[in-house]
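>>> Here is the input, now give the coordinates:
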Amino acid sequence: MFHPFKDWNDEHVVKFYIRTVHLIIFIGVIACLICAGIYIIFRPDLSERKMEKSKTIGVSYMTMNNEFYKIINQQITYEARTKGDRIILRDPALSVQKQREQIEEMLNEGIDALILTPVEASELTDILMKAREKGVKIVVVDTELIDPTLADSTIVSDNYKAGSLIGRYYLQKHANGARVVLMTHDETISGKERIRGFCDVIKKNAKIKIVGKVPCEGQTEIATPALKKFIDKGHEFDSVFCLNDLAAVGAAYGLESRRLLHKVDLYGVDASPEAKAMIYDGEMQATSAQFPTEIGKKAAQTLYRLLEGREVLPKVYVNVELVDRRNVKKYRVDRWQ
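Next up is the predicted model:
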């Protein structure tokens with residue numbers, strides 16, 4: 001029988017097999033390089049596909065000088081980035097006209113969804129109707145629209161409860177009567193609901209009188225001079241309820257400037273770090289805690305359910321809790337909850 005290696009010794013056979021293996025490896029490497037080159041030349045543009053599938057989310061809170069909204073936005077931005085989506089954030093700085101213009105600009109940029117805290121609940125109807133006609137999903141946070149059907153979902157603290165919690169605490173502290181000033185922001189439903197919750201409770205005691213309402217837009221820099229002016233007109237009072245803690249901080253500055261800070265009881269809503277520090281120091285009596293981290297998480301979850309075509313609840317309430325000197329340490333004075 002013919003044997004191709006009959007004249008070879010073992011060394012020859014080993015060298016032959018080594019050369020054969022080297023040749024096979026060389027051919028394999030060349031084949032891989034050729035395939036890689038073909039893939040590089042003709043591969044699909046995955047980045048373009050990813051960009052085509054990504055969403056653009058417009059965000060407009062009523063102002064960005066409030067840490068509360070920054071915390072909400074952190075949660076939404078985190079969720080968007082994990083999904084490769086783009087955020088467009090605009091700050092209307094409490095101007096409803098500016099907010100309208102910014103929403104119009106975002107619609108022109110082709111946003112798929114809008115996260116919104118309206119500056120004035122009644123002044124955005126037409127621009128939001130336009131957004132809905134374009135198929136934009138709308139999630140409202142922190143306050144509400146005059147027409148709630150314009151939003152796919154609204155995520156809010158239980159604002160009426162926030163006011164009523166302070167009202168019940170107030171009744172306990174002022175059973176023998178009191179004269180209270182209200183620091184208000186009637187352009188927002190959330191602010192109106194907090195004031196309404198407070199007033200509905202304290203009216204049970206006829207000895208408690210509301211001696212004035214001071215508009216302040218829920219802003220420290222507006223609340224301070226507004227309360228000073230109220231005091232300088234000769235109004236007498238022994239307590240102040242503010243729609244939020246920014247207003248309460250402003251009220252504290254106003255009271256301090258007139259040497260009234262430790263003579264007047266002060267109340268707010270939010271449980272901001274500043275307010276909790278004031279409660280701890282005895283400069284403020286109580287506040288209702290909001291949970292912006294939870295609001296942001298629920299807003300992000302709702303947003304992506306909408307973008308995925310799933311059903312969502314038209315309104316989601318986030319609970320609130322009373323914070324006073326007895327439990328302020330539980331909430332950490334140095335940060336939001």
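>>> So what touches stretch 166-176?
For stretch 166-176, contacts defined as Cβ atoms under 8 Å, 6 or more residues apart in numbering pick out 178, 180, 197-202, 204-205, 207-208, 239, 241, 265, 267-269, 285-288, 322, 324. Where C-beta positions appear, they are placed from N, C-alpha and C, glycine not excepted.
>>> Repeat that for stretch 226-242.
166, 170, 174, 178-183, 195, 198, 211-212, 214-216, 223, 248, 250-251, 254-255, 257-258, 260, 263-269.
>>> Only alpha carbons, please: show it as PDB.
Taking Å, rounded to 0.1, in the frame of the first residue of the first chain, the C-alpha atoms of stretch 226-242 are listed here in PDB:
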ATOM      1  CA  ALA A 226     -44.200  92.100  51.500                       C
ATOM      2  CA  LEU A 227     -44.400  91.100  55.100                       C
ATOM      3  CA  LYS A 228     -42.400  94.100  56.200                       C
ATOM      4  CA  LYS A 229     -44.800  96.300  54.400                       C
ATOM      5  CA  PHE A 230     -47.800  94.500  56.000                       C
ATOM      6  CA  ILE A 231     -46.200  95.000  59.500                       C
ATOM      7  CA  ASP A 232     -45.400  98.600  58.900                       C
ATOM      8  CA  LYS A 233     -49.000  99.300  58.100                       C
ATOM      9  CA  GLY A 234     -49.800  98.600  61.800                       C
ATOM     10  CA  HIS A 235     -51.400  95.200  61.400                       C
ATOM     11  CA  GLU A 236     -51.200  93.100  64.600                       C
ATOM     12  CA  PHE A 237     -50.900  89.300  64.500                       C
ATOM     13  CA  ASP A 238     -49.200  86.400  66.400                       C
ATOM     14  CA  SER A 239     -48.700  83.800  63.700                       C
ATOM     15  CA  VAL A 240     -48.000  83.400  60.000                       C
ATOM     16  CA  PHE A 241     -48.800  80.400  57.800                       C
ATOM     17  CA  CYS A 242     -46.900  80.300  54.500                       C
END
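>>> List the buried residues in it.
For stretch 226-242, the buried set under the neighbour-count rule, 16 or more other Cβ atoms under 10 Å, comprises Ala226, Leu227, Lys228, Phe230, Ile231, Phe237, Ser239, Val240, Phe241, Cys242.
>>> before we move on, back to that, which ones among the contacts of stretch 226-242 map onto strands?
Within the contacts of stretch 226-242, residues falling in strands by DSSP state E are 178-183, 211-212, 214-215, 265-269.
>>> Straight-line length of stretch 310-325, end to end?
With Cα to Cα, to the nearest Å applied, stretch 310-325 spans 44 Å between its terminal residues.
>>> What's opposite the closest residue to Asp265 other than its chain neighbours in the beta bridge?
Spatially, and ignoring its direct neighbours in sequence, Asp265 is nearest to Ser239 (4.0 Å; Cβ to Cβ, 6 or more residues apart in numbering). For Ser239, the residues forming beta bridges with it (DSSP bridges) are Val180, Asp265.
>>> Repeat that for Ile57.
Beta-bridge partners, per DSSP bridges, of Ile57: Ile87, Ala113.
>>> That one: what's it in contact with?
Ile76, Ala80, Asp85, Arg86, Ile87, Ile88, Ile111, Asp112, Ala113, Leu114, Ile115, Leu303.
>>> Secondary structure element holding the nearest residue to the first one once chain neighbours are set aside?
This points to Ile76. Excluding its sequence neighbours, the residue lying closest to Ile76 (Cβ to Cβ, 6+ apart) is Ala300, at 4.8 Å. For Ala300, the element it lies in under DSSP states H and E is helix 292-307.
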